[in-house]
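Visitor: Make a model of this:
(chains A and B)
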There are 2 protein chains.
Amino acid sequence: MRLRVDLIPRDELIFHDVVLVVDVIRATTTAAAFLEAGASQLLLAPDLASARKLRTKGVMIAGEQDGLKPEGFDYGNSPREALEAPVGGKQVVMATTNGTKAAHLASKTAQHILLASLYNAHAAARLALDLAEEEVAILCAGKEGRVGLDDIYTAGVLADFLQLMGSFQLDDGAQVALATKSVYPDPLEPLRSSAAALALKQAGLEADIAFCAQLAASPAVPLLEGRTEKALVFRRADPVRNALVSSQSKLL
Amino acid sequence: MRLRVDLIPRDELIFHDVVLVVDVIRATTTAAAFLEAGASQLLLAPDLASARKLRTKGVMIAGEQDGLKPEGFDYGNSPREALEAPVGGKQVVMATTNGTKAAHLASKTAQHILLASLYNAHAAARLALDLAEEEVAILCAGKEGRVGLDDIYTAGVLADFLQLMGSFQLDDGAQVALATKSVYPDPLEPLRSSAAALALKQAGLEADIAFCAQLAASPAVPLLEGRTEKALVFRRADPVRNALVSSQSKLL
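Guide: Numbers count the residues shown, from 1 in each chain, chains lettered A, B, ... in the order given. Have a look, this model is predicted:
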């Protein structure tokens, strides 16, 4: 089995099998939190305007503009808020920038796409391995075209979990992510040192960083199950439901 | 002063000041070795055909195709061979893939471009700091669009040397490179584990890896001084000649 880590999205990337998309501060953490809070589906919309169009009585929309909740949105992009949100049984549409772009890129070629973070790291790694036939790829979303220390660290944590469960041929990116992970004893440190954290601090949302640094606290893994005209549609797929997940996701 | 590391070339990258281009296995190591062997100038040609056209009595051409010396070329891309080559006072034209592309990308926007490797790491870091006014960027060439552990490790070594000489604001890429560097006690280890090394082993050129892993063994730093129609023209710029280098390079 191959394990690769792509440190930054590039249009030329081709995926063959399973992709774990990582935008740890905050999109992929928040996505898991919405599903943990009971959302029935999570849609990733490409931009704020698309999300606004999808808003109806039973559909909540969440997103960010300069870190904050955009006008007319139900929620921002805060995982703390997401976990407490009364979204049980409802669809949630998220519009964020980096994580959404990375997921859309992966969806062009991948067989299975999962949204991964530190928050659901163990469950996401487990499910990725369950689904994979030849390769697990971890795609770091980065921030506006630049690599993110927070995402690469998280990729290292995921790679570490995967290596506890199986044997992999590592590409150079995976070795860099594992090395980066091994340097920091506490997840808060690399997350706090990242450009993404700096932007959050400037928006007064520093408390979200500690939420995003929680390790393997949630079993909720968003798994791509289809798409609407513009948005990618994810639902919760716990590793224990693997057989079901596996057969259903083949319908994609 | 800012210190940034770009882990992979991307067309969108914009440089403002000094760029250290790193393709440690092998182009930027070999470039330093040719200058150390006495070459008067080093030209980076965009492809093998361009290099062939530049070949005349006083101009030697070097390059690689699948790791080996292309037909009609004077030299391959081996730093061991370069250091022993009778190129004193001659122009050498190099045609390689990843390092050349990265240098051409940097040359679109940078003020100063240096070719850096482990072999000339200390001299290159020193010269970069001497030339920089606001930012030192390290651009890792990678391998065919994918990151290279060898290049990111080398970027970490360069960043480490720079931090010994000054105080920098680090971007996320620099933190990842420094973390990667700190994990390996011996440069041979990350170099040997890289995809670039695997390709060299397959071509029977494993001995070049040990050459490329030499740390700060050479004071020869290729500095961009201009360009011909297609090629970038470098000459040797030792840090001790900094004042001269600095005034001349402004003529670019």
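
Visitor: Okay, helices next: where are they in chain A?
Guide: For chain A, helices defined by DSSP state H occupy the ranges A:27-36, A:48-54, A:79-84, A:98-107, A:121-131, A:149-165, A:172-183, A:188-192, A:195-202, A:207-212, A:242-249.

Visitor: Highest mean neighbour count out of the ones you listed?
Guide: For these, the largest average neighbour count (mean count of other CB atoms under 10 Å in any protein chain shown) is found in helix A:27-36, namely a mean of 30. Placement of C-beta: from N, CA and C, glycine included.

Visitor: So which elements touch that one?
Guide: strand A:41-44, helix A:79-84, strand A:91-95, helix A:98-107, strand A:112-116, helix A:207-212, strand A:222-227, strand A:232-236 (3 or more CB pairs under 8 Å, 6 or more residues apart in numbering or on different chains; DSSP states H and E).

Visitor: and if we set it to 7 Å?
Guide: strand A:41-44, helix A:79-84, strand A:91-95, helix A:98-107, strand A:112-116, strand A:222-227 (3 or more CB pairs under 7 Å, 6 or more residues apart in numbering or on different chains; DSSP states H and E).

Visitor: Relative to residue A:90, how far out is the residue in chain A sticking out farthest from the centre?
Guide: Relative to the C-alpha centroid of chain A, counting by CA atoms, centre = their mean, residue A:57 is the outermost residue, at 26.1 Å. Look at residue A:57 and residue A:90: by CB to CB, to the nearest Å, they are 10 Å apart.

Visitor: hang on, the earlier thing: and of the helices of chain A, who's closest to residue B:95?
Guide: Each of the helices of chain A has some distance to residue B:95 by CB to CB; the shortest is helix A:172-183, at 23.7 Å.

Visitor: is that closest one up against chain B anywhere?
Guide: Yes - counting by CB under 7 Å from any CB of the partner chain, chain B is contacted by helix A:172-183 at A:172, A:173, A:175, A:176, A:179, A:180, A:182, A:183.

Visitor: would you turn those residues into TSV with distance to residue A:22 and pLDDT?
Guide: As requested, the residues of helix A:172-183 next to chain B are exported to TSV (distance: CB to CB, whole Å; pLDDT from 0 to 100):
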residue	distance to residue A:22	pLDDT
A:172	17	98
A:173	12	98
A:175	17	98
A:176	14	98
A:179	17	98
A:180	13	98
A:182	17	98
A:183	18	97
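
Visitor: Show me what from the stretch 51-200 of chain A comes close to chain B.
Guide: A:145-149, A:152, A:171-173, A:175-176, A:179-180, A:182-183, A:193-195.

Visitor: residue ranges with poor pLDDT in chain A?
Guide: Judged against pLDDT under 70, the low-scoring parts of chain A cover residues A:238-252.

Visitor: Okay, residue A:100 and residue A:49: tell me how far apart.
Guide: Counting by CB to CB - residue A:100 and residue A:49 are separated by 13 Å.

Visitor: Find residues that contact each of those two.
Guide: Listed as contacting both residue A:100 and residue A:49 by CB atoms under 7 Å, 6 or more residues apart in numbering or on different chains is no residue at all.

Visitor: what is residue A:21 paired to in the beta sheet?
Guide: residue A:115, residue A:139 (DSSP bridges).

Visitor: still on that earlier bit, out of the helices of chain A, nearest to residue B:26?
Guide: Nearest of the helices of chain A (CB to CB): helix A:172-183, 15.7 Å.

Visitor: Can you give the contact residues for the closest one?
Guide: Under the contact criterion CB under 7 Å, 6+ apart, helix A:172-183 has outside partners A:3-7, A:152-153, A:155-157, A:159-160, B:146-149, B:152, B:176, B:179-180, B:182-183, B:193-195.

Visitor: The same query, at a cut-off of 8 Å, please.
Guide: A:3-7, A:138, A:140, A:149, A:152-153, A:155-157, A:159-160, A:163, A:168, A:170, A:190, B:7, B:143, B:146-150, B:152, B:176, B:179-180, B:182-184, B:190, B:193-195 (CB atoms under 8 Å, 6 or more residues apart in numbering or on different chains).

Visitor: Repeat that for stretch A:76-88.
Guide: For stretch A:76-88, using CB under 8 Å, 6+ apart, the contacting residues are A:26-27, A:29-30, A:32-34, A:36-39, A:60, A:62-64, A:67-69, A:74-75, A:92, A:94, A:96, A:119, A:205, A:207-208, A:211-212.

Visitor: How far away from the center of its chain is that stretch?
Guide: 15 Å (CA atoms, centre = their mean, to the nearest Å).

Visitor: what's the answer for stretch A:115-122, then?
Guide: Going by CA atoms, centre = their mean, where stretch A:115-122 is centred and where its chain is centred differ by 7 Å.

Visitor: show me what contacts residue A:167?
Guide: Neighbour list for residue A:167: residue A:1 [criterion: CB under 8 Å, 6+ apart].

Visitor: separation between it and residue A:84?
Guide: For residue A:167 relative to residue A:84 (CB to CB), the value is 40 Å.

Visitor: for residue A:15, same thing?
Guide: Counting by CB to CB, the separation of residue A:15 from residue A:84 is 34 Å.

Visitor: Now stretch A:217-227 - C-alpha only, PDB.
Guide: The C-alpha coordinates for stretch A:217-227 follow below in PDB (Å, rounded to 0.1, in the frame of the first residue of the first chain):
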ATOM      1  CA  ALA A 217     -11.800  13.400  20.000                       C
ATOM      2  CA  SER A 218     -14.500  12.600  17.400                       C
ATOM      3  CA  PRO A 219     -15.500   9.500  15.400                       C
ATOM      4  CA  ALA A 220     -17.300  11.600  12.800                       C
ATOM      5  CA  VAL A 221     -15.700  11.400   9.400                       C
ATOM      6  CA  PRO A 222     -17.300  13.200   6.400                       C
ATOM      7  CA  LEU A 223     -17.200  10.900   3.400                       C
ATOM      8  CA  LEU A 224     -18.100  12.100  -0.100                       C
ATOM      9  CA  GLU A 225     -21.300  10.400  -1.300                       C
ATOM     10  CA  GLY A 226     -22.200  12.500  -4.300                       C
ATOM     11  CA  ARG A 227     -22.600  15.900  -5.700                       C
END
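
Visitor: Now do the buried residues in it.
Guide: Applying a neighbour-count criterion of 16 or more other CB atoms under 10 Å in any protein chain shown, one finds A:217, A:218, A:219, A:220, A:221, A:222, A:223, A:224, A:225 buried in stretch A:217-227.

Visitor: Could you find the closest non-adjacent residue to the third one?
Guide: Nearest-residue entry for residue A:219: residue A:123, 4.5 Å, with adjacent residues in sequence omitted and distances by CB to CB, 6 or more residues apart in numbering or on different chains.

Visitor: Verify the stated contact: that neighbour with residue A:223.
Guide: No - using CB atoms under 8 Å, residue A:123 is not in contact with residue A:223; the gap is 10.7 Å.

Visitor: Return the residues in contact with the one residue in the stretch 1-150 of chain A that gets nearest to chain B.
Guide: Nearest to chain B in the stretch 1-150 of chain A, going by CB to the nearest CB, is residue A:149, at a distance of 4.0 Å. Residue A:149 sits next to A:180, A:190, A:193, A:194, A:195, B:172, B:175, B:176 when contact means CB under 8 Å, 6+ apart.

Visitor: and these, which two are the farthest apart?
Guide: Greatest spacing in the contacts of residue A:149, by CB to CB: A:180 and A:195 (14.9 Å).

Visitor: so how far is chain B from the residue nearest to residue A:225 when sequence neighbours are not counted?
Guide: Leaving aside its sequence neighbours, residue A:225 sits nearest to residue A:235 (CB to CB, 6+ apart; 5.2 Å). Per CB to the nearest CB, to the nearest Å, residue A:235 is found 32 Å from chain B.
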